[in-house]
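Asks: What follows is a protein structure lacking sequence information:
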């Protein structure tokens, strides 16, 4: 069992597929989703705590600031705990990206639904309502009788009636991942998810669907990709530095060669002068 992920609902749009059809999708953003802790519970149960978003220091309690300071991480706006198997434990400090979910797989989205306030029975429970004729006296949208007389003399708990609607934890299952933008950290989910724009949600692998074989284990860690980019960058910098050194050496060698060429005529002149002196000294001896 893999860990889930904390995402933020950005809004809805549509995507055009390769066959020309368009699909309504919900755009979910991943905002620096890091592993803040992992622990082993009773009966060999394991869990991973994730944190997403960056909170201001003044809005975080001192004990929490100290806890984040120990792991050298900025305070997080939203934290959630996910149950995982022993093989899918993730180290503290790792960052999860959009690579965690594969395009085409199914997921379950959990969030707080949009609050509707106090709603009537027709809106809240899809009641038919009373007749719309003249015989009904100002009770067209009422729920009608709640039943029961002297026995039991009360209304049973859980009776569908008017009341507060929305703003409670809701899970929508079997949502398909249509696309992903790994650079910007975006996921495109087919259909709607609970919650308003800007609200936090938790995504998990679908319980009623099989997990794709190419799904990353233990998770889609973004740090590995960043390290790879850093290594590639370092290698490219090394290559450029070596090329620059080679060019510098070649330029120095050419300069030294030119200097030698410039100095050679002077040496030859000195040698010619010395030979002339020797010849001049030898001529009078011959004459004698």
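Replies: That came in fine, so what should we check first? This is a predicted model, so every value here is computed, not measured. Residues are numbered from 1 along each chain as shown.

Asks: can you tell me how far the nearest residue to residue 30 once chain neighbours are set aside sits from residue 5?
Replies: Residue nearest to residue 30 in three dimensions, not counting chain neighbours: residue 185, with 4.0 Å by CB to CB, 6 or more residues apart in numbering. Using the backbone N, CA and C atoms, a C-beta is placed for each residue, glycine as well. Separation of residue 185 from residue 5 (CB to CB, to the nearest Å): 11 Å.

Asks: can you check residue 28 too?
Replies: For residue 28 relative to residue 5 (CB to CB), the value is 9 Å.

Asks: overlap in contacts of the two?
Replies: With contacts taken as CB atoms under 8 Å, 6 or more residues apart in numbering, residue 28 and residue 5 have residue 203 as neighbours in common.

Asks: what about residue 185 and residue 5, which has more around it?
Replies: residue 5 (25 against 20; other CB atoms under 10 Å).

Asks: Quick check: bridge partners of the more buried one?
Replies: residue 203 (DSSP bridges).

Asks: domains for the chain, by residue range?
Replies: 5-115+166-221, 118-164, 223-288 (automatic domain parsing).

Asks: Reformat these into JSON lines and put mean pLDDT next to each item.
Replies: Shown next, in JSON lines, are these (pLDDT from 0 to 100):
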{"stretch": "domain 5-115+166-221", "mean pLDDT": "90"}
{"stretch": "domain 118-164", "mean pLDDT": "89"}
{"stretch": "domain 223-288", "mean pLDDT": "61"}
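
Asks: ok, and which of those has the densest surroundings?
Replies: Highest mean neighbour count of those: domain 5-115+166-221, a mean of 16 (counted as mean count of other CB atoms under 10 Å).

Asks: residue ranges of the strands in the stretch 151-288 of the chain, please?
Replies: Under the criterion DSSP state E, counting those that start in this stretch, strands of the stretch 151-288 of the chain are mapped to 163-165, 169-181, 186-190, 200-205.

Asks: list the helices and strands the first one packs on?
Replies: It refers to strand 163-165. Helices and strands touching strand 163-165, by 3 or more CB pairs under 8 Å, 6 or more residues apart in numbering; DSSP states H and E, are strand 117-119, helix 121-125.

Asks: So what are the sheet partners of that strand and their directions?
Replies: Under the rule (DSSP bridges), strand 163-165 has strand 117-119 (antiparallel) as partners.

Asks: quick one: the helices in the chain?
Replies: 62-70, 121-125, 223-287 (DSSP state H).
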